[in-house]
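Asker: Pasting a predicted model and its sequence here:
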Amino acid sequence: MHIEPIKTRRITLADRNLFAILDEFVPAMGEGEILAVASKIVAICEGRTAPPDVDKAKLIEAESAWFLPQTVSRYGVYLTIKANMLMPYAGVDESNGDGQYVLWPSDPQASANAVRAYLQRRFQLRQVGVILTDSRPLPLRWGVTGFCVAHSGFQALYDYRGQCDLFGRPLRMTQINVADALAAAAVLVMGEGDEQTPLARIVDAPFVAFQERDPTPEELAALTIALEDDWYAPLLTGVEWRRGQAE
């Protein structure tokens with residue numbers, strides 16, 4: 001697998017057209033390739049920002065489906081669930097925000113689908129994938145890791161169930177989250193600081209089954225786990241989540 005970061009000019013609040021940015025900085029894509037796009041530049045182009053004088057606590061609660069107040073954390077961090085994903089601050093971020101809070105895109109899945117369709121049309125491709133990326137910390141680990149906010153054009157899960165391991169033992173539960181794994185690799189290459197590389201081209205990625213369409217609602221639902229069914233349910237259900245305003 002090869003991941004090529006794509007350097008752009010600085011994306012600011014003046015930018016309002018994501019596809020113009022892609023026209024300018026993505027000169028080529030080939031069959032069977034995947035474009036990683038930082039969700040932050042999608043949000044900036046959508047105007048999904050807030051001035052620094054807003055009430056950040058209210059903003060986070062509005063962006064969360066569920067949240068724990070910052071008083072619960074020794075670091076004063078809001079722990080939140082948004083789009084069935086666990087993260088701090090509901091994706092509200094100040095870094096690389098041109099002096100503003102940057103939120104998540106209003107509909108990340110629709111954005112991923114639109115970018116995939118754009119790449120198909122522009123480069124006359126059949127099989128091309130898109131990942132919108134962000135980063136978050138993992139429990140019991142220092143540092144952040146990239147993850148997939150939304151994907152399009154390929155199956156997000158590679159299913160090992162029914163296959164056998166090296167010694168012939170049947171695998172009953174193992175699935176690879178291909179979308180998250182690729183996002184983590186792409187974010188590592190794209191960087192988190194002033195690299196100015198919010199795009200990355202992924203070539204020859206393993207375990208990718210391309211689809212010449214958007215993911216179906218059923219495929220998206222299969223990616224998520226109810227809180228009470230999660231392996232970490234004893235931890236996740238052992239706290240008093242408060243209802244936010246997002247779905």
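Answerer: Looks like it came in fine. Numbers count the residues shown, from 1 in each chain.
Asker: give me the low-pLDDT residue ranges for this protein?
Answerer: Within the chain, no stretch has pLDDT under 70.
Asker: And Pro217, its phi and psi?
Answerer: The phi/psi pair for Pro217 (degrees, to the nearest 10) reads phi -60, psi -40.
Asker: and what of Ala186?
Answerer: The phi/psi pair for Ala186 (degrees, to the nearest 10) reads phi -70, psi -40.
Asker: Okay, helices next: where are they in this protein?
Answerer: Taking DSSP state H, the helices of the chain run over residues 18-25, 39-46, 56-63, 108-123, 178-190, 217-221, 233-236.
Asker: Just the residues contacting the first one, thanks.
Answerer: The one in question is helix 18-25. For helix 18-25, contacts defined as C-beta atoms under 8 Å, 6 or more residues apart in numbering pick out 6-9, 11, 15, 41-42, 45-46, 111, 115, 118-119, 122, 199. Bear in mind the C-beta positions are built from the backbone N, C-alpha and C, glycine included.
Asker: re the thing from before, any chance of the helices of the chain in CSV, plus mean neighbour count and distance to Leu79?
Answerer: As requested, these are exported to CSV (neighbours: other C-beta atoms under 10 Å; distance: least, C-beta to C-beta, whole Å):
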stretch, mean neighbour count, distance to Leu79
helix 18-25, 15, 30
helix 39-46, 23, 19
helix 56-63, 17, 10
helix 108-123, 19, 20
helix 178-190, 22, 19
helix 217-221, 11, 24
helix 233-236, 12, 10
